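1. Just to be clear, the model below is a prediction. Sequence and coordinates:
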Amino acid sequence: MKDLKYEVVRSARRKKLTITVERDRTIVIHAPESTSDEKIRQVVDSKRQWLFEKVNHAQKYEDRPHPPGKEIVTGESVPYLGRDYRVVVQETPSGGVEFGKHFSIPKAQQEKRRKVLKEWYIARARETMLPRAERYANELGVTFREVKIVDNRYRWGSCTVKDCVNFNWRLVKAPMFVIDYVIIHELAHLLEANHTPRFWNIVRAKAPKGEQAKAWLKEHGQILEEEV
């Protein structure tokens, strides 16, 4: 077997070592701060067969190019909060993207329609997700240092060792129950760093549609990853 490459993330909050395989096949070792490199190598070696199976899983980790995205032309549709809406290319009063019963994309932005629509999505992601993160943090009794909307293809959300919480702007295309699940999932890591039974109990208590949300992301995640 060839050597396995992996990334190590140490944290003083962690009590045990865990291994995850990201959707881009990156192997990430989450370890307590005091864990030696030798100990990590031993654990990786002990999980070598399992890791090769995960990395080469034909369904979840298959090589596939990111979808090129749709043409932003009249008659096309794009997703927002779990529904598809028709695109109409026309002049708008604001000169920017406008949304009502459909998306109005200004003709003046002919050469950069994708860019202006992406910027619209990112702005809506901030408006939608940041207040909900504050709300769920209060309900869970946790505090974070910072919450941000980021541009990340392979993670819907993340919680850093410095208690910063990040969410992928593409989530704003998904239904609200999916957005809420990802927010709650990441905030729960502020209470329990690892995916322990306690962690999943916290998530289930606050996100009763969690299993439905995971299934939705598995089925529709590639659509969310389109540029627009």
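-> That came through, no problem.
2. is it true that Arg145 touches Val161?
-> No: counting by C-beta atoms under 8 Å, Arg145 stays clear of Val161, with 10.6 Å between them. Where you see a C-beta, it was placed from the backbone N, CA and C, and this is true even at glycine.
3. Looking at those two, which one has more neighbours?
-> Set Arg145 next to Val161 and count neighbours by other C-beta atoms under 10 Å: Val161 wins out with 14 against 9.
4. The more buried one - that's part of a helix, no?
-> No: counting by DSSP: H, G, I helix; E, B strand; the rest coil, one finds Val161 to be coil, located in no helix.
5. Which residue, other than its chain neighbours, is closest to it?
-> Ser11 (4.2 Å; C-beta to C-beta, 6 or more residues apart in numbering).
6. Report the separation between that neighbour and Asp163.
-> Separation of Ser11 from Asp163 (C-beta to C-beta, to the nearest Å) stands at 10 Å.
7. domain assignment for this structure?
-> Structural domains assigned to the chain are 6-55, 112-224, following automatic domain parsing.
8. Compare the ones you listed and give me the one nearest Gly96.
-> For Gly96, the closest of the domains of the chain is domain 112-224, at 6.6 Å, according to C-beta to C-beta.
9. Enumerate the residue intervals of this structure where per-residue confidence is below the cut-off.
-> In the predicted model, the chain carries pLDDT under 70 at residues 1-2, 23-24, 57-71, 109-111, 153, 227-228.
10. switch the cut-off to 50
-> Scanning the chain for pLDDT under 50 picks out the ranges 1, 59, 61-68.
11. Start from the N-terminal end of it and give the strands.
-> Residue ranges of the strands in the chain, as given by DSSP state E, are 6-11, 18-21, 27-32, 77-80, 83-89, 98-99, 103-105, 146-150, 157-159, 164-168.
12. who's in contact with the spatially most central residue of the chain?
-> Closest residue to the average C-alpha location of the chain: Trp156 at 0.3 Å, with C-alpha atoms, centre = their mean. Taking C-beta atoms under 8 Å, 6 or more residues apart in numbering, we find Trp156 in contact with Phe167, Asn168, Arg170, Leu171, Val182, Leu217.
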